[in-house]
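Colleague: A predicted structure for the sequence below; I have some questions about it.
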Amino acid sequence: MNDEDIEEQAANGELRARLAELKVEHHDLDACVDALAAKPQPDQIQIARLKKKKLLLKYIIARLEDQLTPDIIA
């Protein structure tokens, strides 16, 4: 293994760790939205803000997953 391979593996490890954190955060936001929606008088503005944040996290997660997926030249 050369230095570039080691650096690439380290970077991939960092990306995978960040990806795992973001997925947990996305799941937590989902649970929070569900809990707020279950209230008798839910705060629709807060729910909308949380949903926007969830959508942003979903976008970031997709971008990180794309970075981790190797390009296959057919």
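Modeller: That came through, no problem.

Colleague: Now stretch 58-73: buried residues?
Modeller: Applying a neighbour-count criterion of 16 or more other Cβ atoms under 10 Å, one finds 61, 64 buried in stretch 58-73. Where you see a C-beta, it was placed from the backbone N, CA and C, and this is true even at glycine.

Colleague: can you tell me the average pLDDT over it?
Modeller: Rounded to a whole number, the mean pLDDT of stretch 58-73 is 88.

Colleague: Now that stretch - C-alpha only, CSV.
Modeller: Taking Å, rounded to 0.1, in the frame of the first residue of the first chain, the C-alpha atoms of stretch 58-73 are listed here in CSV:
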residue,chain,number,x,y,z
LYS,A,58,-31.2,13.5,3.4
TYR,A,59,-29.5,15.5,0.6
ILE,A,60,-26.2,15.6,2.5
ILE,A,61,-26.4,11.9,3.2
ALA,A,62,-27.0,11.2,-0.5
ARG,A,63,-24.0,13.3,-1.5
LEU,A,64,-21.7,11.5,1.0
GLU,A,65,-23.0,8.1,-0.2
ASP,A,66,-22.2,9.1,-3.7
GLN,A,67,-18.7,10.1,-2.7
LEU,A,68,-18.2,6.7,-1.1
THR,A,69,-19.5,4.8,-4.1
PRO,A,70,-16.7,4.1,-6.6
ASP,A,71,-17.2,5.3,-10.2
ILE,A,72,-17.6,2.4,-12.5
ILE,A,73,-16.6,3.0,-16.1
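
Colleague: All further residue positions should be reported with the first residue as 667.
Modeller: In the new count, where the first residue is 667, that last one comes out as stretch 724-739.

Colleague: In this structure, where is pLDDT below threshold?
Modeller: Low-confidence regions of the chain, defined by pLDDT under 70, span residues 667, 669-671, 740.

Colleague: hmm, who's touching stretch 722-740?
Modeller: With Cβ atoms under 8 Å, 6 or more residues apart in numbering as the test, stretch 722-740 has contacts from 678, 681-682, 684-685, 688-689, 691-692, 695.

Colleague: Is residue 703 in contact with residue 714, as I believe?
Modeller: No - the pair residue 703 and residue 714 fails to qualify as a contact (Cβ atoms under 8 Å) at a distance of 11.1 Å.
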